[in-house]
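> using only what follows, build the 3D model:
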Amino acid sequence: MKKVNVLGTIYTIEERNEKSDSRLKECDGYCDKTLKVCVVNNFVDAENDLMAQTDLNGHKKKVLRHELIHAFLYESGLGENSWAWNEEIVDWIAYQFPKLAQAFKEAGCLE
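Residues are numbered from 1 along each chain as shown. Okay, the predicted model is just below:
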């Protein structure tokens, strides 16, 4: 298990599968703000799924970014705002974050 500091609150990052966690039957991951955990599907059965993502490692990283963004929004006090749980906004941030980080690094404005 990994642990990550989210604005002063420690979140545990766990990989599970649909057999051990029924919540993963409808999604690839989730953030449980009450237990301070981000869960990502480990896709152990993906080899048998013809519709599975080809780059599972890249997909799992994107899912983890997505769930951590939910955690950051919650811990920053925005968790009760409906837009903060809007999957499209959170997905956009998760997809674009590597590009944003690279642009900030190139511009010299990360720190």
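
> buried set for the longest helix belonging to the chain?
Assignment by DSSP state H gives helix 87-107 as the longest helix of the chain. Burial within helix 87-107, assessed by neighbour count using 16 or more other Cβ atoms under 10 Å, is assigned to 90, 93, 94. C-beta coordinates here come from the backbone N, C-alpha and C atoms, glycine included.

> sheet partners, orientation included, of the lengthiest strand in the chain?
Counting by DSSP state E, the longest strand found in the chain is strand 9-16. Strand 9-16 pairs in its sheet with strand 2-6 (antiparallel), strand 37-41 (parallel), by DSSP bridges.

> neighbouring strands for whichever helix or strand comes after that strand, and are they parallel or not?
Next along the chain after strand 9-16, taking DSSP states H and E as the criterion, comes strand 29-32. Each strand paired with strand 29-32, and its direction, by DSSP bridges: strand 37-41 (antiparallel).

> which of the residues in the strand it pairs with are buried?
For strand 37-41, by 16+ other Cβ under 10 Å, it's 37, 38, 39, 40, 41.
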